[in-house]
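Q: Sequence first, then the predicted structure, then my questions.
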2 protein chains.
Amino acid sequence: MSFADTFKALSDPARREILQLLKDGKMSAGEIGSHFDMTGATISYHLKILKNADLVWETKVKNYIYYELNTSVVEEILLWLTELTGEKK
Amino acid sequence: MSFADTFKALSDPARREILQLLKDGKMSAGEIGSHFDMTGATISYHLKILKNADLVWETKVKNYIYYELNTSVVEEILLWLTELTGEKK
DNA sequence: CAGCTATTTAGATTTTTTTCTAAATAGCTG
DNA sequence: CAGCTATTTAGAAAAAAATCTAAATAGCTG
């Protein structure tokens, strides 16, 4: 969705952990959930936020939904932060 | 304070805007506040969060408190994000 | 030192976020 | 197709965050 949504999405520790898990490749919602002490519904909520922020992709295979990291949007955040650190007057 | 606090601090648009303002040099709490449609108390609250996250420094001069950007902690976030984008298996 | 000016703190309220349980959907598989 | 398995959606409750007003602090300045 937007830049602000990306920052919001990154602000939760569980969501950041999900992204780290996905670094190693795609994973189903269930597999992701098994790494956390949360209900599937809660994991689904977090995945939705990551998806809305374009931080992840989903692909459906059989009755599984696989999630995959989308790094392109991370670049925007990197840029913002880099500009913050650089060019000081 | 911690890594998580830094991400939380960055998740609010007003706080990000404050950091952008401080890119151009230090600024008093009042000056910062004048850029926003919020009470001084609210600005003070946001400044406290930024300070706790080590994203800003404060220095007292007369009865003013000046805030200044501290970029060193931003580097950690940059690193985390960079590692997320790089080294995909 | 009396009154300003700048800023923060306290406390309350509102808004947003996170989480859960229960139910719904959807697509296998025997 | 009947029953599983995987996942999401809805709705409610709990927890956290943002905001305000009013009061407190603190340090000038005349």
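A: Nice, I can see it.
Q: So the residue of chain A found nearest DNA strand D versus A:Asn70, what's the distance?
A: Residue of chain A nearest DNA strand D, by CB to the nearest atom of the strand: A:Gly30 (2.1 Å). For the C-beta atoms, the positions are set from N, CA and C on the backbone; glycine is no exception. Going from A:Gly30 to A:Asn70 by CB to CB, to the nearest Å gives 20 Å.
Q: cool, and A:Leu47?
A: Distance from A:Leu47 to A:Asn70, by CB to CB: 13 Å.
Q: before we move on, what about A:Leu78?
A: According to CB to CB, A:Leu78 and A:Asn70 sit 14 Å apart.
Q: before we move on, what about A:Phe7?
A: 16 Å.
Q: Who has more neighbours out of these two?
A: When A:Phe7 and A:Asn70 are compared for neighbours, A:Phe7 comes out ahead with 20 against 16, by other CB atoms under 10 Å in any protein chain shown.
Q: Outside of the host helix or strand of that one itself, which residues are in contact with it?
A: According to DSSP states H and E, A:Phe7 maps onto helix A:3-10. Residues outside helix A:3-10 that contact it (CB atoms under 8 Å, 6 or more residues apart in numbering or on different chains) are A:15-16, A:19, A:49-50, A:52-55, A:73-74, A:76-77, A:80, B:7, B:10-11, B:13, B:16.
Q: Is that helix positioned near DNA strand D?
A: No - using CB under 7 Å from any atom of the strand, helix A:3-10 stays clear of DNA strand D, with a minimum separation of 9.0 Å.
Q: Name the residues of that helix that are buried.
A: For helix A:3-10, a neighbour-count test (16 or more other CB atoms under 10 Å in any protein chain shown) marks A:Asp5, A:Thr6, A:Phe7, A:Lys8, A:Ala9, A:Leu10 as buried.
Q: same deal with stretch A:70-88?
A: Buried, per 16+ other CB under 10 Å, within stretch A:70-88: A:Asn70, A:Thr71, A:Val73, A:Val74, A:Ile77, A:Leu78, A:Trp80, A:Leu81, A:Leu84, A:Thr85.
Q: Then stretch A:27-35?
A: A:Met27, A:Ser28, A:Ala29, A:Ile32, A:Gly33.
Q: of the residues you listed, closest to DNA strand C?
A: Nearest to DNA strand C among the buried residues of stretch A:27-35, with distances taken as CB to the nearest atom of the strand, is A:Gly33, at 9.7 Å.
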